[in-house]
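*Asks:* sharing a model prediction with you, sequence too.
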Amino acid sequence: MIFNSSSVAFGRNETFSLRYNWIYKGLSALKENKDIFTSPDALNILGVGKNMMLSMRYWLLAYQLVEKQNPSTFTNLASYLFDPDEGKDPYLEDINTLWLLHWKLCTNPDHATMYFWFFNVFAKTSFTKLELNAALEDWLKFHNSKSISPKTLDRDLNMLLKTYSGINVLDKGFEDQLENPFHELSIVSKNTDGTYGCYVRERENLSLHVLGFCIAEIQDYFNQDDLIDASRDFSMIPVSEIMNSNEFPSIQKIFKTTEDCLYLILEQLVAAYPTLFNLTETAGQKNLYIKDKLNPIQFLDDYFNKGS
């Protein structure tokens with residue numbers, strides 16, 4: 001969740017973005033055989049070529065659906081959402097599943113460094129591909145000790161822009177875009193002059209339960225025994241830090257939403273869970289108080305079971 005300059009990852013997607021059926025296909029095969037990705041029958045079972053298979057395995061790790069130390073084991077999120085037999089949304093049918101995956105990708109600097117950088121560090125809202133490339137190279141000069149080839153960075157940036165840009169029937173590879181679920185989030189736009197835009201918007205389809213999940217994950221991370229900072233009280237978080245934090249991933253930046261929209265969702269979260277949260281204001285500063293240990297999956301359970 002926190003960037004470590006000694007652990008970065010580029011060039012591992014094999015130039016393929018995540019496709020709609022890859023999570024279900026990959027996790028189903030992994031459930032049947034924990035060594036599927038090293039099996040001689042992997043390509044036949046998965047129904048893809050070697051490079052696609054390597055890409056599928058990478059994206060499962062990048063989206064934090066398998067454990068980093070044991071990539072044959074599902075994470076709690078993967079088991080809850082994507083278990084082939086019991087998962088709540090194995091086929092990515094719910095827009096908030098995509099928001100959750102987006103959050104997981106952008107809070108995984110060890111395996112998705114560029115996405116962490118773009119959504120937490122890069123600040124321009126309108127840019128060319130060359131400007132984006134130059135900004136990433138400048139950042140890496142100060143935050144990375146490894147040598148990364150310009151071609152690798154260029155391919156990865158193309159992947160990011162293709163993943164988050166909307167579908168354009170005139171673009172080369174239009175058919176491939178239809179296989180990409182994340183264009184539904186409308187985060188990046190490609191303009192007619194070839195520039196790109198990444199603007200904050202009212203995210204009316206972003207659930208309060210996703211916000212609760214994110215806050216719970218931040219609490220989880222900073223409550224790890226080896227990370228506890230005696231000077232930092234995580235029972236109280238200034239709302240300004242939720243909006244734009246230098247200490248942990250910025251929820252507002254990652255979801256590219258307006259402050260007003262995020263604060264409205266935060267108010268809805270507090271109203272829905274009064275035993276867990278409270279909002280106060282002292283000397284003009286708004287604070288979120290967390291009253292208890294949070295369980296990220298609880299918020300998803302309430303969301304997916306709300307109609308039952």
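*Replies:* It's in.
*Asks:* tell me where the stretch 1-150 of the chain has strands.
*Replies:* 126-127 (DSSP state E, counting those that start in this stretch).
*Asks:* point out where it drops to low pLDDT.
*Replies:* Across the stretch 1-150 of the chain, the ranges flagged by pLDDT under 70 are 145.
*Asks:* where exactly do the helices run in it?
*Replies:* In the stretch 1-150 of the chain, the helices defined using DSSP state H, counting those that start in this stretch lie at 22-32, 42-46, 50-62, 76-82, 95-106, 113-120, 129-143, 150-164.
*Asks:* who touches the shortest one?
*Replies:* Same thing as helix 42-46. Applying CB atoms under 8 Å, 6 or more residues apart in numbering, the contact partners of helix 42-46 are 25-26, 29, 33, 36, 39, 49-50, 52-53, 56. In short, each C-beta sits where N, CA and C put it, glycine included.
*Asks:* of all those residues, which two lie farthest apart?
*Replies:* Spatial extent of these (CB to CB) is set by the pair 33 and 49 at 19.0 Å.
*Asks:* returning to that earlier point: with distance to residue 6 and mean neighbour count added, can I get the helices of the stretch 1-150 of the chain in CSV?
*Replies:* Below are those laid out as CSV (distance: least, CB to CB, whole Å; neighbours: other CB atoms under 10 Å):
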stretch, distance to residue 6, mean neighbour count
helix 22-32, 28, 20
helix 42-46, 31, 15
helix 50-62, 18, 20
helix 76-82, 26, 20
helix 95-106, 20, 22
helix 113-120, 12, 23
helix 129-143, 10, 14
helix 150-164, 18, 17
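*Asks:* TSV for those helices, including distance to residue 187?
*Replies:* Shown next, in TSV, are these (distance: least, CB to CB, whole Å):
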stretch	distance to residue 187
helix 22-32	19
helix 42-46	29
helix 50-62	17
helix 76-82	20
helix 95-106	8
helix 113-120	9
helix 129-143	14
helix 150-164	5
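*Asks:* quick one: which of these is nearest residue 279?
*Replies:* helix 95-106 (21.7 Å).
*Asks:* which elements pack onto the closest one?
*Replies:* On a contact count with 3 or more CB pairs under 8 Å, 6 or more residues apart in numbering; DSSP states H and E, helix 95-106 meets helix 76-82, helix 113-120, helix 208-222, helix 251-255.
*Asks:* who does whichever helix or strand comes after the longest one pair up with?
*Replies:* Beyond helix 208-222 in the direction of the C-terminus, DSSP states H and E gives the next helix or strand as strand 236-238. Sheet partners assigned to strand 236-238 using DSSP bridges are listed as strand 285-290 (antiparallel).
*Asks:* mind splitting this structure into its structural domains?
*Replies:* Domain assignment for the chain, taken from automatic domain parsing, gives 21-91, 92-199, 208-304.
*Asks:* how long is stretch 223-243 from one end to the other?
*Replies:* Length of stretch 223-243, first residue to last, CA to CA, to the nearest Å: 21 Å.
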